[in-house]
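K.L.:
Okay, predicted coordinates and the sequence, questions at the end:
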Amino acid sequence: MSDWQRILLAPTPSAWVELATTRWRELLIDHAACEKKAASTALALMFAYPQDRALGRSLSRLAREELRHFEQVQSLMDEVGVGFERQKPGRYASGLRAALRTAEPGRKLDLLLISALIEARSCERFALLAPLLPPMPGRLYGDLGGAEARHCTLYLDLARSRAAPSVWRERLSALAAREAELITTPERTLRFHSGPPLQPC
Ligand SMILES: [Fe+2]
Ligand SMILES: [Fe+2]
C-alpha cells in the first residue's frame, strides 16, 4: 500500500466523483489554482525554515514541479476553451489551516503533515477521475497522480524525520481525521478538494 493510501482515513464520496466527471471543464479552473497554491505553499515553507537545508532543497524541486503542473493545466484549459475566472476558495484549505498549531515545533510538523494529506487527496482524486474522463484530461490526470504520490511521500518523510514516531503519528491521526471530515461533509461549491454536493446540481 502506498503512503497516500495509508494516510487517508475516508474515501472520496462517489457523489463528488459523479459531479466532477460531468463538470470537469469548470473544475480545471480550481485545479490550476491548486497547482499554483502547491508551489506557493512549498515556497512559504522554504521562507519560514531557511535553516532547514534539506527541506529547502527538496521543496525547491517540488515547487518547480508544481509550476509545471500549473502550466500543463493552463495549456489544457486553452485547448478545451476554458477561461480563467476568479473563484472563491472552497473550505478545504482554510478548514485544514484552522487545525494548525501556532507554536513551534508543532507548527512546522503540522504544515508538513497537512501538505502530505493534501497531496494524498489529490492523488486519490486523480486516480478516481483519470479512467472516467476523456483521453485528455484523463492522461494528464494519470501522470499528475504519480507526481502527487511522490510529493505525499516527500512531505511525510520530512515530517517523520523531524519528530519522534509517537509525536508525528498522533498528530497525523488528528489531522487526517479533520481532513476526512472536510472531504465527506456536503458542500455547496464544487472544488477539487470539496465534499459531496449539498443537493443535486
Ligand atoms: Fe501538482
Ligand atoms: Fe504536489
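P.N.:
Sure, I can see it. Ligands and ions are numbered 1, 2, ... in the order given.

K.L.:
going forward, measure contacts and count neighbours with C-alpha atoms only.
P.N.:
Fine.

K.L.:
For the residue nearest to the spatial centre of the chain, report the pLDDT, please.
P.N.:
Centroid check for the chain by C-alpha atoms, centre = their mean gives I118 as the closest residue, at 3.1 Å. Each residue has a pLDDT score; the one for I118 is 98.

K.L.:
Also R53?
P.N.:
97.

K.L.:
And for it, the neighbour number?
P.N.:
11 (other C-alpha atoms under 10 Å).

K.L.:
what do you get for D3?
P.N.:
Neighbours of D3 (other C-alpha under 10 Å): 16.

K.L.:
Touching, it and Y155? I think so.
P.N.:
No - at 10.5 Å, D3 does not count as touching Y155 under the criterion of C-alpha atoms under 8 Å.

K.L.:
Name the residues contacting each of these two.
P.N.:
Overlap of the contact sets of D3 and Y155 (by C-alpha atoms under 8 Å, 6 or more residues apart in numbering) is empty.

K.L.:
Return the residues in contact with the residue of the chain found nearest ligand 1.
P.N.:
Using C-alpha to the ion, the closest approach of the chain to ligand 1 is made by E66 at 4.4 Å. E66 makes contact with E35, K36, A38, A39, according to C-alpha under 8 Å, 6+ apart.

K.L.:
Among those residues, name the ones in strands.
P.N.:
Of the contacts of E66, none are assigned to strands by DSSP state E.

K.L.:
May I see these arranged in a markdown table, with neighbour count and distance to A93 as well?
P.N.:
Formatted as a markdown table, the contacts of E66 follow (neighbours: other C-alpha atoms under 10 Å; distance: C-alpha to C-alpha, whole Å):
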| residue | neighbour count | distance to A93 |
| --- | --- | --- |
| E35 | 21 | 13 |
| K36 | 18 | 13 |
| A38 | 22 | 11 |
| A39 | 22 | 14 |
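
K.L.:
Just send those residues back as a markdown table, with pLDDT and distance to L133 too.
P.N.:
As requested, the contacts of E66 are arranged in a markdown table below (pLDDT from 0 to 100; distance: C-alpha to C-alpha, whole Å):
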| residue | pLDDT | distance to L133 |
| --- | --- | --- |
| E35 | 97 | 19 |
| K36 | 97 | 23 |
| A38 | 98 | 23 |
| A39 | 98 | 26 |
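
K.L.:
I'd like the list of these that fall within helices, please.
P.N.:
E35, K36, A38, A39 (DSSP state H).

K.L.:
filter those residues down to the ones near ligand 1?
P.N.:
Among the ones in helices among the contacts of E66, proximity to ligand 1 is found for E35 (C-alpha under 5 Å from the ion).
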